[in-house]
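Student: Got a sequence here, can you model it:
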Amino acid sequence: MKYLISCLFRSRGKWGFISTLKRDAKILDVGCGCATVVGTKNILPNSTYYGIDIGDYGQNEYSKSLIDNYVITTPENFSEGILKIKEEFDAVISSHNLEHCNDRDKVLYSMMQKVRKGGKLFISFPTSKSIEFPNRAGLNYYDDETHKFLPPNSDYIINELQKNDFKIIFHIKRYRPSIFFLIGLLLEPFSVIAKKPLKGTWELYGFETIIHAKKFENE
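Tutor: Next comes the predicted model:
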């Protein structure tokens, strides 16, 4: 049910994006922690799901059993690990992954190579404004010690995508879907007291930058 609600009211988010893919889509999830495969298979049970990460972050035996091809690599070899996957994909997903990478440029390039012609790419990451947000257990960019450098630069990423035969089909620097924004507004006093993000806090602040892109089918 939660995935359906997210598809409806966060239609440009990760689950909404996945819901737009064909039923038997071949998907590569770059940075596949937190058992994302469970939601993917809930929305698209007939999809083929490949995942790559540097560890079993938030995975369990059930979630791993749903992954059709699971690659564990190292931070130093992350981009190379993506390129070593032989297949091309109907969709490549990078949800809050780039901000953790040692070499974002190489990872972005590797992901672009894995999208088949006519395929799609989903990228999300903390907005550049998040360095100014309150310190609240993950609301500020630097609350997460695994975040590297500054937040990814969306203008740079879009330019690189366009140079590599991608069309931008959606881009927003601060994603604030209305229903979750209102929930966040109502819960903001409790979030302040709890000193952590609650449901809707991300949307209230516009924490997430989102890009959807499609690879041109012709040379």
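Student: List the residues that contact Leu83.
Tutor: Neighbour list for Leu83: Ser110, Gln113, Lys114 [criterion: C-beta atoms under 8 Å, 6 or more residues apart in numbering]. (C-beta placed from N, C-alpha, C; glycine too.)
Student: try 7 Å this time
Tutor: Ser110, Gln113 (C-beta atoms under 7 Å, 6 or more residues apart in numbering).
Student: Not counting residues beside it along the chain, what's closest to Arg176?
Tutor: Spatial nearest neighbour of Arg176, excluding adjacent residues (C-beta to C-beta, 6 or more residues apart in numbering): Gly206 at 4.6 Å.
Student: What of Phe181?
Tutor: Glu203 (4.6 Å).
Student: Confirm for me that that neighbour is in contact with Ile179.
Tutor: No: at 8.4 Å, Glu203 and Ile179 do not qualify as touching, with contact defined as C-beta atoms under 7 Å.
Student: residue closest to the middle of the chain?
Tutor: Ser95 (1.2 Å; C-alpha atoms, centre = their mean).
Student: How about the backbone phi and psi for it?
Tutor: With angles defined as degrees, to the nearest 10, Ser95 sits at phi -100, psi 110.
Student: just to revisit the earlier point, Glu203 and Ile179 - which one has more neighbours?
Tutor: Neighbour count, other C-beta atoms under 10 Å: between Glu203 and Ile179, Glu203 has more, with 24 against 13.
Student: Identify each buried residue in the top strand by length along the chain, please.
Tutor: Identified as the longest strand of the chain according to DSSP state E is strand 115-126. Using 16 or more other C-beta atoms under 10 Å as the test for burial, strand 115-126 gives Val115, Gly119, Lys120, Leu121, Phe122, Ile123, Ser124, Phe125, Pro126.
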